[in-house]
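Participant: have a look; sequence and predicted model below, questions after that.
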Amino acid sequence: MKAVDCIIRNARVAGTGNVRDIEITDGIISSITESSQAGAKDIIDAEKRLVCPPFVDPHLHLDAALTVGNPDFNRSGTLQEGIRLWGEYKKNLSIEDIKSRAYRAITWMVSQGTTFVRSHVDVSEPALTGVKALTELKSELKGIVDIQLVAFPQDGIFTFPEGKALLEKSLAMGIDVVGGIPHNELTREDGIKDVELVFALAEERDLLIDIHCDETDDDQSRFLETVAALTIKKGMEGRVTASHTTAMHSYNNAYTIKLIGNLARAGMHIIVNPFDNSILQARGDSYPKRRGITRVDELLAGGVNIAVGHDSILDPWYPLGRGNMLHALNLLIHIAQLAGYDELVSAIDLITGRAALLLNIQDRYGIEEGKPADLIILDAADEFEAVRLMPECLYVMRSGKVIARTEPSYSTVELSRGREVVDLNFHS
Ligand code: FE2
């Protein structure tokens, strides 16, 4: 009998519907089998619960996390007041402050199943304190939580004299991804320059791209077409992401059909952030109010890769949140109307495999023999129940090591048929 380090018995392996035993040796998934005969030091019985790779949060602002209420709460709930409050807060940033808030947010996220994060970091601030803090935290957590950092010019690249130099300087400090914010520049022409510079810097340094793009309700904000065109012309297919793209909600259909074709041809990824954008967008509308979400169903049907981001946890833009990717996904299902059965059962891909593809980590991500034993066990019978119940994450494992555990909660009722434990799973 061969010895393995750990066996997860009775795992409902995500994406297959099959119940299998997963053997783990030296941090790697060594076998996925119907019934393991191996001996192991550790055995975890998943009891036919869903086992999937850890969640990926592809869009977060860790430097601003947990700053809500400081120096004040966002009283109007608008993007403009959020930017003003963050502008106030960041005058007094320190490395210790950012690291302790970000670390705390990460403990929340890991306990709820997320171990891969792409975080934007504001590079409009003269001392680049956020970059220093988050690159330190990234190395401290190496191998436990993978953090990709995006240089994010929150205030624009060409709106103030030092903008371009700060962005360039940050790229030499351990940044993985170049970001831009064309719709925040002073003019349309500067917005194009913003995108062109991002591509030039990414090409020079062989970095990925993730641009905050067209995060507005203005149907004339059309920088996404430039991003798609440059991706195609420069042969950067698969390496470019546009985040938010909320203006697409308001484009006319003839324009959007052409655009989605180009996005698919460019192999671009789009990130949707339902928490922030459901609250921040369409603030200039009276009634009826538009939904502040890009065209998720049409993009998916057009072959464009989509993923969901948490974006904010308790910051000046979004005052709620607990770092739970299933909550973000559940909200998107509602506002993007992804309620068809096939859409529901595949929705979890938007916070797992599709997000991993965008981070370019697909070679080492997934429940497959030979891949690192990075997985989670959810207190749900299958993918449908996971998005419906938003259940607790009972185990989080990285490289075969359990890094978070949650005891399943349960309720009892005493009605006309005596005392019983309530099972919220409809499928079981
Ligand atoms: Fe964002």
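Facilitator: Alright, I've got the coordinates. Residues are numbered from 1 along each chain as shown.
Participant: run through the bridge partners of Val177.
Facilitator: Beta-bridge partners of Val177, counted by DSSP bridges, are Val150, Leu208.
Participant: looks like it contacts Ile209 (just checking).
Facilitator: Yes - assessed by CB atoms under 8 Å, Val177 is found in contact with Ile209 at 6.6 Å. Backbone N, C-alpha and C define where each C-beta goes, glycine included.
Participant: what's the domain layout of this protein?
Facilitator: According to automatic domain parsing, the chain is divided into the following domains: 4-53+366-412, 55-363.
Participant: start to end distance for the longest one?
Facilitator: Yep, that's domain 55-363 we're talking about. For domain 55-363, the first and last residues are 16 Å from each other (CA to CA, to the nearest Å).
Participant: any idea of the mean pLDDT in it?
Facilitator: For domain 55-363, mean pLDDT rounds to 97.
Participant: count the neighbours of Asp72 for me.
Facilitator: Residues within reach of Asp72, counting by other CB atoms under 10 Å, total 13.
Participant: find the nearest non-adjacent residue to it, please.
Facilitator: Leaving out its chain neighbours, the residue that sits closest to Asp72 by CB to CB, 6 or more residues apart in numbering is Leu85, at 6.3 Å.
Participant: in this structure the one you found contacts Arg75, no?
Facilitator: No - Leu85 is beyond contact range of Arg75, at 9.6 Å (criterion: CB under 8 Å).
Participant: neighbour count winner among the two?
Facilitator: Legend: neighbour count by other CB under 10 Å for Leu85 and Arg75, higher for Leu85 (23 against 8).
Participant: following element in sequence after the helix or strand containing the more buried one, please.
Facilitator: Element membership for Leu85, per DSSP states H and E: helix 79-89. Note on helix 79-89: by DSSP H and E, the next helix or strand toward the C-terminus is helix 95-111.
Participant: for that following helix, enumerate the helices and strands it packs against.
Facilitator: Here helix 95-111 touches strand 114-122, helix 129-140, strand 393-398, strand 401-405, going by 3 or more CB pairs under 8 Å, 6 or more residues apart in numbering; DSSP states H and E.
Participant: for the longest strand belonging to the chain, give the mean pLDDT please.
Facilitator: Longest strand in the chain by number of residues (criterion: DSSP state E): strand 3-13. Here strand 3-13 scores 96 as its mean pLDDT.
Participant: ok, and what's touching it?
Facilitator: 18-27, 30-32, 36, 38-51, 367, 373, 375, 377, 381-382, 400 (CB atoms under 8 Å, 6 or more residues apart in numbering).
Participant: which of these are buried?
Facilitator: 19-25, 27, 30-32, 36, 38, 40, 44, 46, 49-51, 367, 373, 375, 377, 381-382, 400 (16 or more other CB atoms under 10 Å).
Participant: next, count neighbours for Arg84.
Facilitator: 15.
Participant: look up how far Gly321 lies from it.
Facilitator: 20 Å (CB to CB, to the nearest Å).
Participant: any idea which helix or strand carries the residue lying closest to Glu237 once chain neighbours are set aside?
Facilitator: Closest residue to Glu237 apart from its sequence neighbours, by CB to CB, 6+ apart: Gly267 at 3.6 Å. Assessed by DSSP H and E, Gly267 sits outside every helix and strand.
Participant: does Gly267 really touch Thr241, like I thought?
Facilitator: No - judged on CB under 8 Å, Gly267 makes no contact with Thr241 at a distance of 10.6 Å.
Participant: who has more neighbours out of the two?
Facilitator: Taking neighbours as other CB under 10 Å, Gly267 and Thr241 compare with Thr241 leading, 27 against 18.
Participant: quick one: whichever strand or helix holds that one to strand 114-122, angle?
Facilitator: Per DSSP H and E: Thr241 is located in strand 240-244. Strand 240-244 runs at 80 degrees relative to strand 114-122, counting by axes from the mean of the first three to the mean of the last three CA atoms, to 10 degrees.
Participant: list the buried residues in strand 240-244.
Facilitator: Applying 16+ other CB under 10 Å to strand 240-244 flags 240-244 as buried.
Participant: do the same with stretch 106-113
Facilitator: 106, 108-113.
Participant: return the distance of it from the chain's centre.
Facilitator: Offset of stretch 106-113 from its chain centre (CA atoms, centre = their mean, to the nearest Å): 13 Å.
Participant: do stretch 248-264 as well
Facilitator: Distance of stretch 248-264 from its chain centroid, counting by CA atoms, centre = their mean, is 23 Å.
Participant: can I get that stretch as PDB, trimmed to CA atoms?
Facilitator: Below are the C-alpha coordinates for stretch 248-264, written out as PDB (Å, rounded to 0.1, in the frame of the first residue of the first chain):
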ATOM      1  CA  MET A 248     -21.100  49.300 -22.300                       C
ATOM      2  CA  HIS A 249     -24.500  49.000 -20.600                       C
ATOM      3  CA  SER A 250     -25.500  52.200 -22.400                       C
ATOM      4  CA  TYR A 251     -23.900  51.700 -25.900                       C
ATOM      5  CA  ASN A 252     -26.200  51.200 -28.800                       C
ATOM      6  CA  ASN A 253     -26.500  47.600 -30.000                       C
ATOM      7  CA  ALA A 254     -24.900  48.100 -33.500                       C
ATOM      8  CA  TYR A 255     -21.800  49.500 -31.900                       C
ATOM      9  CA  THR A 256     -21.800  46.900 -29.100                       C
ATOM     10  CA  ILE A 257     -22.100  43.900 -31.500                       C
ATOM     11  CA  LYS A 258     -18.900  45.100 -33.400                       C
ATOM     12  CA  LEU A 259     -17.100  45.800 -30.100                       C
ATOM     13  CA  ILE A 260     -17.900  42.400 -28.600                       C
ATOM     14  CA  GLY A 261     -16.600  40.700 -31.800                       C
ATOM     15  CA  ASN A 262     -13.300  42.700 -31.400                       C
ATOM     16  CA  LEU A 263     -13.000  41.800 -27.700                       C
ATOM     17  CA  ALA A 264     -13.400  38.100 -28.500                       C
END
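Participant: one step back: who are the contact partners of the residue nearest to Asp72?
Facilitator: 71-72, 74, 316.
Participant: format these as a markdown table; extra columns: distance to Ile348 and secondary structure.
Facilitator: Listed next are those as a markdown table, based on distance: CB to CB, whole Å; DSSP: H, G, I helix; E, B strand; the rest coil:
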| residue | distance to Ile348 | secondary structure |
| --- | --- | --- |
| Pro71 | 38 | coil |
| Asp72 | 37 | coil |
| Asn74 | 31 | coil |
| Pro316 | 30 | coil |
